[in-house]
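Novice: sequence below, structure please.
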Amino acid sequence: MSNIADFIGVSARENVEKAIAKAHESEAFHALLSLTEARALERADAVDRGEITGSLAGVPFIAKDNFLTLGGTTTAASKILENFEAPLQATAIEKLEAEGAICIGKANLDAFAHGGSTENSAYGPTKNAYDQERVAGGSSGGSAVAVALDIVPFTLGTDTGGSIRQPASFNGVVGVKPTYGMVSRYGVVAMASSTDTIGVLATSAHDATVVMDIISGRDKKDATTLPDFFTPATLEGAKKIGVISEAMTEDVDPEVRKVAQEYIEKLRAAGHTVEEVSLSLLKYALAIYYIVVPAEISSNLGRYDGIRYGRRAEASTLSELYGASRDQGFMAENKRRIMIGSYVLSSGFFDAYYLQAQKVRTLLINEFNALFETYDVLLTPVAPTPAFKIGENASDPIKMYLEDVMTVPASLAGLPAISVPAGKSTAGLPIGVQLIGKRRDDALLLALAESMEHAA
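Specialist: Predicted coordinates for the structure are as follows:
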């Protein structure tokens, strides 16, 4: 797979034309929903004329199709936004373009990022880069596959409960979920406002660091953004790493545990101290997540009513118009999460479910904080299994939700976490390991990941 450095100093038009050609050659994987070819080539020519400069001048990239971009549609892989053309661009896109990077297209995802396999896209599933009978992961499945297929050196994704890390693991690339608030969410279709983060998928930790350095920082358009704290660094000294024992039980696929253990031994060989630790509330994380997140989803999707923008159904009354537009525009998983969220926020159930979940969420955050008093980094597998077959979990939402069991805890606590390639199953499927740090320790995680790439 190519690195960012391979595109620097080369004709931008040549870079973009090659990326677009690879995208067309890889159409069978359905990683992309659209190409912004005309605008990309126009910007490439401007780079070659010296009119656009920057540290990423002429480097092509792809954005998940829930980022607002110019030059094409932003659908969030839904029917309700099928023909929506954004009037502005996401802050992350603007920052990359300011450095000369060129967006060539939009990646497939689960509609509105609701899912863990990209099977919930209104336009069909993305196929795994290593086995087309298996899922790409989700919801940033298209973003992960585009990197794994070497279409572009990096892509943008969103991670609410594992949506960057899990597809990164399934496709053998690096996936970064930053500290909550490190990157502006302005111009990105909202899923769950208290856990949504903007991150990157790349071929290496070094390239991920380069991109994260560009897109991070305060944004006056997003009140949740933190002051810029990210400074790329090299790893200094040995670190103390805690392996969460609850994530290494017999419920986890034996091959996943084997690959994770091999990575642990590599850490020890590199001089780091690795010990087993307990995160007792991990078993409640999924329950917390699937109360809090649907509640926020039900609120955020309320704006899609067929009136202001998006798909409008034929109807004789306003009430019918709302209902029909949403029925036709939302996927089954969108409707499921809206219903769960509305239920837990409703009178008589708010205290029993939503408020209780938020209280346990605070206990989970406190347990993480206690572990970070002793350990620099925590480690788990990214997912309990390698990539599963397309359709295998589609009829069982609970089984699908269980794929998020390793990734949702860091999201609920607002912690940075990275999926790094750690090995492969006997069937040749990639398996990743998750590194979790305390808030604002993003640079440390990336430095550790990069050092282990060199050690390998």
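
Novice: report the residue spans of this structure with pLDDT below the cut-off.
Specialist: Scanning the chain for pLDDT under 70 picks out 456.

Novice: how about the helices in the stretch 51-200 of the chain?
Specialist: 91-98, 141-148, 165-171 (DSSP state H, counting those that start in this stretch).

Novice: the shortest one: which residues count as buried?
Specialist: Judged by neighbour count (16 or more other Cβ atoms under 10 Å), helix 165-171 contains these buried residues: Arg165, Gln166, Pro167, Ala168, Ser169, Phe170, Asn171. C-beta: built from backbone N, CA, C; applies to glycine.

Novice: name the nearest of the residues you listed relative to Asp442.
Specialist: Of all the buried residues of helix 165-171, Arg165 has the smallest distance to Asp442: 13.6 Å, by Cβ to Cβ.

Novice: so who does that closest one touch?
Specialist: Asp159, Gly175, Lys177, Val382, Thr407, Ala417, Ile418, Ser419, Gly432, Gln434 (Cβ atoms under 8 Å, 6 or more residues apart in numbering).

Novice: backbone dihedrals for the last one, please?
Specialist: So the one you mean is Gln434. Gln434 adopts backbone torsions of phi -100, psi 130, taken as degrees, to the nearest 10.

Novice: got it, and the one 3 residues further on?
Specialist: Main-chain dihedrals, Gly437, degrees, to the nearest 10: phi -120, psi 170.

Novice: cool, and Gly137?
Specialist: Torsion angles, degrees, to the nearest 10, at Gly137: phi 90, psi 170.

Novice: next, count neighbours for the closest residue to Ala136 other than its chain neighbours.
Specialist: Counting by Cβ to Cβ, 6 or more residues apart in numbering, Thr126 is the residue found nearest to Ala136 once chain neighbours are left out, at 4.0 Å. Using other Cβ atoms under 10 Å, the number of residues around Thr126 comes to 35.

Novice: distance check, Thr126 against Ile297.
Specialist: Distance, Thr126 to Ile297, by Cβ to Cβ, to the nearest Å: 22 Å.

Novice: for Thr273, same thing?
Specialist: Distance of Thr273 to Ile297, given as Cβ to Cβ: 40 Å.

Novice: these two: who's more crowded?
Specialist: More crowded of Thr273 and Ile297, by other Cβ under 10 Å: Ile297, with 25 against 13.

Novice: that one reaches Met339, doesn't it?
Specialist: No. Shown here, Ile297 and Met339 do not form a contact pair, counting by Cβ atoms under 8 Å, at 10.2 Å.

Novice: overlap in contacts, the two.
Specialist: Counting by Cβ under 8 Å, 6+ apart, no residue touches both Ile297 and Met339.

Novice: name the surrounding residues that touch the helix or strand that contains Ala410.
Specialist: Following DSSP states H and E, one finds Ala410 within helix 408-413. Outside of helix 408-413, the residues within contact range by Cβ under 8 Å, 6+ apart are 159-162, 177, 195, 197, 279, 281-282, 285-286, 288-289, 292, 361, 364-365, 368, 416-417, 434, 436.

Novice: show me the contacts for the residue nearest to His206 when sequence neighbours are not counted.
Specialist: Spatial nearest neighbour of His206, excluding adjacent residues (Cβ to Cβ, 6+ apart): Glu450 at 5.3 Å. Glu450 makes contact with Ser204, Ala205, His206, Thr209, Thr234, Leu235 under the criterion Cβ under 8 Å, 6+ apart.

Novice: burial of the last one, as a residue count?
Specialist: Spelled out, that is Leu235. 18.

Novice: C-terminal to the helix or strand containing Gly341, what's the next element?
Specialist: For Gly341, the host element (DSSP H and E) is helix 332-345. Where DSSP H and E defines the elements, the next helix or strand beyond helix 332-345 is helix 356-372.

Novice: what residues sit buried inside that next one?
Specialist: Buried residues in helix 356-372, counted by 16+ other Cβ under 10 Å: Ala357, Val360, Arg361, Leu364, Ile365, Glu367, Phe368, Leu371, Phe372.

Novice: so what angle separates the directions of it and helix 332-345?
Specialist: Here the directions of helix 356-372 and helix 332-345 differ by 100 degrees (axes from the mean of the first three to the mean of the last three Cα atoms, to 10 degrees).

Novice: surely Leu201 forms part of a helix?
Specialist: No. Looking at Leu201 with DSSP: H, G, I helix; E, B strand; the rest coil, it is strand, so not inside a helix.

Novice: and the strands in the stretch 1-150 of the chain?
Specialist: 32-35, 60-64, 102-107 (DSSP state E, counting those that start in this stretch).

Novice: any chance of those in a markdown table with distance to Val16 as columns?
Specialist: Shown next, in a markdown table, are the strands of the stretch 1-150 of the chain (distance: least, Cβ to Cβ, whole Å):
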| stretch | distance to Val16 |
| --- | --- |
| strand 32-35 | 10 |
| strand 60-64 | 5 |
| strand 102-107 | 6 |
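
Novice: out of those, which comes closest to Ala12?
Specialist: Between the strands of the stretch 1-150 of the chain, strand 102-107 lies closest to Ala12; by Cβ to Cβ that is 6.7 Å.

Novice: relative to Thr69, how far out is Pro386?
Specialist: From Pro386 to Thr69 the distance is 32 Å (Cβ to Cβ).

Novice: list the contacts of Ala260.
Specialist: Ala260 makes contacts with Val243, Met248, Leu379, Thr380, Pro381, Ala422, Ile431, Val433, as judged by Cβ under 8 Å, 6+ apart.

Novice: re the thing from before, now the buried members of the contacts of Glu450.
Specialist: Ser204, Ala205, His206, Thr209, Leu235.
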